[in-house]
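Q: Build me a model:
(2 chains)
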Amino acid sequence: MHLDEKIWLTLSFGMIMVFMLLTGYQTFALGMGPPSHNETIDPQKVDEIAPFNEPGLKQIGENEYELVMTLQLFSFTPMEVEIPAGATVHFTLTSKDVVHGFQIADTNVNAMVMPGHIQKISQTFDEPGEYLVICNEYCGVGHQFMSTTITVK
Amino acid sequence: MGAVAEKRNSTAFRDSANKALGLNPQDANISKAYLLVGFIALLLGGLMGVIQGLNRAGVLELPTWLNYYQILTAHGLLLVVVMSSFITIGYFYAGFSHTLGGLLPKVRKMAWIGFGLKIFGFVLVVIPVLMNEASVMYTFYPPMAAHPMFYFGLVFIVLGVWMLAAGAFVNVANWRKNNKGQHLPILAFFGTGVFVLLVGATAIVAVEVIFMIIPWTLGWVDGINVMVSRTLFWAFGHTAVNIWYLTAVSAWYVIIPKIIGGTRFNDYLTRVVVIALVIMNITGGFHHQIIDPGISLSIKYMHVFMSLAIGFPSLMTAYAMFRVFERTGRRKGGKGALGWLRKLPWGDVRFLAPFIAMAAFIPAGAGGIVQSTNQLNQVAHNTMWVVGHFHLTLGMTVVMTFFGISYWLVPLVFKRVLTPAMNKVGVIQTILWTIGMTIMAFSMHAVGLFGSPRRTSFTTYGDFSSTLGWDPYMAAIGVGAVMLAIAGVLQIYAVFNMMFFAPKGKTEFPIADVEPDEAPTPYFTERWGVWVVLMLIVVAMAYVPPLIDMIVNAPPGSPPFKTW
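A: Sure, this is the predicted structure:
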C-alpha cells in the first residue's frame, strides 16, 4: 500500500468516526436527538382518545405551550394557530389516515407522522412572523394543498 | 497432471474464442433484449420527468385526466425499477458470458424465463398505474393501498430477479468447479456481489408484499402494521439504488482503466471493496427513518453508524480511481502535479461520461453523509434536497456511467462499431446531461434547505410569502429538466443507431488487466458463503431488535386508503 493511500484511508476512517462522535454527542449529551416518540394509539379512534379528542393549543407554563394536532387528508387540526413571540411549543401529533409529514418551513421542525403512533417535537419561536406548516410526505391527490400557518406575535 | 493441463487448455481456448467472437450470439441476444427494454424505459421515464419538471416550474398545468402523482409513480418505477435493473442485467450477463467462457445452456434458459417474469410483472404494475389505480409512488407506503394487481406485478418482478440471480450463481459455481483454486474473473466477481444484494434486498420487499400487503388489500386481514411495512420497504428500497451504484462502480474499476489504456487498481483491494459494499449495504436503508416515531434513539444511533460505514468503501473507491488515472496519465508522459490529467482521452465518450459520473459522486456522496446523520437529516428529510441527492447519485453517477457503458456494450452485442459520429453525439449528450443535471440538482438541494417539499405538485401554498422565494429555483429545475430531456433523446438516438444502423464490425469487451508486478490476491476473498453469512448477521443485528419492538408494541393496524 502506498503511503498516500494509507493517509487517505486513515483520514476517511477518521472523518466517519468524527461524524459518529458528533452525532452521538448531539443526540445524547445535548438532547438534540431526532423526533422519536414511542407511544401508540388506535388510528381509527383518534377522535375519542385523549388528548386528540380535544386538539388545540394549551398553555402549560410561562410562555410554554402544548399544541395537540391531528393530521388528516388534506388538513391539519387545528388550523391557523397563534402564539406569542419567544414561546416554546411542544407539538403532539398523530395521523388519522395515511402517513404524513410535519414540517415548518424556515425551522428545523421536521417529523414523520404515522397512523397508530404519537409523534412529539418541540420548537421555540423567537422571531415574530408567519410560519408555514406543510405536509412533506405524499399523502394523496390533495397533498399539495395540505398546509396551515402558525402566527408568532 | 495431464487432465489439469487439458482443462487449462480448453479454458484457454474458450477464452480466446470468446475474445475473438466478443460474445456467443445466443448470449448476446439476452443482453440485446435487456438493453432494449432498459433504454425504452429511459425514454418513457424521462418523458414523465420533464412533465414533472415543467409542472413544478409552474409552466405546465396538467390536464384533469392526468394526475401529477400518477406521472411521478411511473417516473420512479420506470427509471429505478425498470431502466436501471434491465441495463444492469444486460451488462452483467454479457460480462458473465465473456469472462466465464459463455453462459451454460440452462442459464440462458433461466435468463429468458427471468426476462419473461419481469416483463409480465411490469405489465401488471403498469396497468393499474395507467388507470390511476396505483398512484402510490416508488415507496408505496401503507396504509395507502394500490389495486392488488400492482402488488402481484411486484411479486413477478421479484421472481424474475431471483431467476436471473439463480442463473448467475449457477454459471459462477460451474466456472469455479472447473477452475478450482482460481479467482473469479473480476467482472463476474462484481456481478456475484450485485446478484447477492439483489436477492437479499428483494427477499425483504417480498416479505412485505406477500405476507403483509397482499392479504390486506385482498381484505383477508383488517389492518396493516405501518411501521413494519415501512421498515421492510427501506431495507429493500435503499439497497436497490445501491445495487445500481455497485454496478457503476464495477465499470469504474474494471472497464475504464482499459479504455484509457491503463491497468486496474490493486485486485485485492477491489475485491475487498465489493465485499464491504455487499455486507454493509442493506442496513443502510434505515436512515430513511431517522425522524420516524416508534424507534428508539439508541437504535437510530446504531443505524447512523451503519449508514455512514458505507461511506468508507466509497472513499476507498475515490482514491483508487484517481490513482489509476494518475498512473495511466504519467505513463503516457504526463508531467508535474496535474499534467497527467491532460493525457486522459477526454474526447472519448466511453471515458468522459463515466468520469463526470464519478466526479458527481463527490458532492453526491457528501450529501448522502448529510442525510444519514441525525441532525442534518432532520433539516433535509422529505424536502427537495433529497430529490437533488438522488438525481446526483442515480441520475448522474449511475446513469451517466450506464451511458458510458452503452457506447461499447451496445455495439458489442449488436456486432457493430462505435463511429466517430456517434462518439460526438455521445460527447454532446454528456455535456448537455451534465449541465442539465447540475442546474437541476443544485436548485433542488438549495430549495430543499429552504423547506420546499418533495413529491408535491405545483403549489405556492396560497402565495405564502416564503414560498415565493422558492420560485426561481423551481424555474431552474424546469430548465434543467428540459435540458435533460433533450440529452435523453440524444442518448436514445445514439443507442438505437448503434443497435440497428451503425456499420457492422467487432467491438472489444474492454476489461483491464492487473499490474504485472502485483502481489497475488489472498484466496479468502472468494469465500462468498462467508460473506453472505456475514451480511445476514449484520442485517439481523440491524433489523431484528427494532422489528421485534415494532411488532410487540404495535398499535392496532390500519385499513387500506385510496387517497388519489
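Q: Nearest residue to the residue of chain B found nearest chain A in space, please, no chain neighbours.
A: Evaluated by Cβ to the nearest Cβ, chain B has residue B:563 as its residue closest to chain A, separated by 2.7 Å. To be clear about C-beta, it is placed using only N, CA and C from the backbone, and glycine gets the same treatment. For residue B:563, ignoring the flanking residues on the chain, the nearest one in space by Cβ to Cβ, 6 or more residues apart in numbering or on different chains is residue A:140 at 2.7 Å.
Q: how far away is the one you found from residue B:225?
A: Distance, residue A:140 to residue B:225, using Cβ to Cβ, to the nearest Å: 21 Å.
Q: Could you do residue B:91 as well?
A: Applying Cβ to Cβ to residue B:91 and residue B:225 gives a distance of 38 Å.
Q: same question, residue B:465
A: 41 Å.
Q: Could you do residue B:547 as well?
A: 10 Å.
Q: Looking at those two now, which is surrounded by more residues?
A: Counted by other Cβ atoms under 10 Å in any protein chain shown, residue B:547 and residue B:225 do not tie: residue B:225 has more neighbours, with 22 against 17.
Q: Can you read off the pLDDT for residue B:453?
A: Looking at residue B:453, its pLDDT stands at 94.
Q: Count the neighbours of it for me.
A: 27.
Q: and if you look at residue B:302?
A: Residue neighbour count, defined by other Cβ under 10 Å, stands at 17 for residue B:302.
Q: In the helix or strand hosting residue A:103, which residues are buried?
A: Using DSSP states H and E, residue A:103 maps to strand A:100-104. Neighbour-count burial for strand A:100-104 flags A:100-104 (criterion: 16 or more other Cβ atoms under 10 Å in any protein chain shown).
Q: Among these, find me the one that's closest to residue B:235.
A: Nearest to residue B:235 among these: residue A:101, at 20.7 Å, using Cβ to Cβ.
Q: List the residues that contact that closest one.
A: Residues near residue A:101 by Cβ atoms under 8 Å, 6 or more residues apart in numbering or on different chains: A:110-113, A:134-137, B:381-382, B:453.
Q: got CSV for the residues you listed, with distance to residue B:363 and secondary structure too?
A: As requested, the contacts of residue A:101 are exported to CSV (distance: Cβ to Cβ, whole Å; DSSP: H, G, I helix; E, B strand; the rest coil):
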residue, distance to residue B:363, secondary structure
A:110, 22, strand
A:111, 27, strand
A:112, 26, strand
A:113, 31, strand
A:134, 26, strand
A:135, 29, coil
A:136, 23, coil
A:137, 25, coil
B:381, 19, coil
B:382, 20, coil
B:453, 22, strand
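Q: Format those residues as TSV; extra columns: distance to residue A:91.
A: As requested, the contacts of residue A:101 are exported to TSV (distance: Cβ to Cβ, whole Å):
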residue	distance to residue A:91
A:110	11
A:111	8
A:112	13
A:113	10
A:134	14
A:135	14
A:136	15
A:137	16
B:381	16
B:382	16
B:453	18
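Q: ranges for the strands of chain A?
A: Per DSSP state E, chain A carries strands over the ranges A:39-40, A:56-61, A:64-72, A:75-77, A:81-83, A:87-95, A:100-104, A:110-113, A:117-125, A:129-134, A:147-152.
Q: Tabulate those in JSON lines, adding columns for mean pLDDT.
A: Shown next, in JSON lines, are those (pLDDT from 0 to 100):
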{"stretch": "strand A:39-40", "mean pLDDT": "96"}
{"stretch": "strand A:56-61", "mean pLDDT": "95"}
{"stretch": "strand A:64-72", "mean pLDDT": "97"}
{"stretch": "strand A:75-77", "mean pLDDT": "95"}
{"stretch": "strand A:81-83", "mean pLDDT": "95"}
{"stretch": "strand A:87-95", "mean pLDDT": "97"}
{"stretch": "strand A:100-104", "mean pLDDT": "96"}
{"stretch": "strand A:110-113", "mean pLDDT": "97"}
{"stretch": "strand A:117-125", "mean pLDDT": "96"}
{"stretch": "strand A:129-134", "mean pLDDT": "95"}
{"stretch": "strand A:147-152", "mean pLDDT": "95"}
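Q: and of the ones you listed, who's closest to residue B:505?
A: Using Cβ to Cβ, the strands of chain A put strand A:100-104 closest to residue B:505, at 54.0 Å.
Q: where does the closest one sit relative to the chain's centre, distance-wise?
A: Strand A:100-104 has its C-alpha centroid displaced from the chain centroid by 7 Å (Cα atoms, centre = their mean, to the nearest Å).
Q: For residue 58, list the residues it contacts.
A: I'll assume chain A. A:65-68.
Q: wrong one, chain B
A: Residues in contact with residue B:58 (Cβ under 8 Å, 6+ apart) are B:458, B:471, B:474-475, B:478.
Q: which one is residue A:16 nearest to, not counting chain neighbours?
A: Spatial nearest neighbour of residue A:16, chain neighbours left out: residue B:308 (5.1 Å); criterion: Cβ to Cβ, 6+ apart.
Q: And the pLDDT at the one you found?
A: 90.
Q: Repeat that for residue B:327.
A: Per-residue pLDDT puts residue B:327 at 93.
Q: Which strand or helix spans it?
A: Element membership for residue B:327 (DSSP H and E) is helix B:311-331.
Q: tell me which residues in that helix are buried?
A: Applying 16+ other Cβ under 10 Å to helix B:311-331 flags B:311-321, B:323-329 as buried.
Q: of the residues you listed, list those near chain A.
A: B:311-312, B:315-316, B:319, B:323 (Cβ under 8 Å from any Cβ of the partner chain).
Q: Can you list the strands that the strand holding residue A:103 pairs with?
A: Within its sheet, strand A:100-104 is paired with strand A:110-113 (antiparallel), strand A:129-134 (antiparallel), according to DSSP bridges.
Q: List the contacts of the last one.
A: Pointing back at strand A:129-134 there. A:76, A:101-107, A:125, A:146-152, B:451, B:453, B:461, B:464-467.
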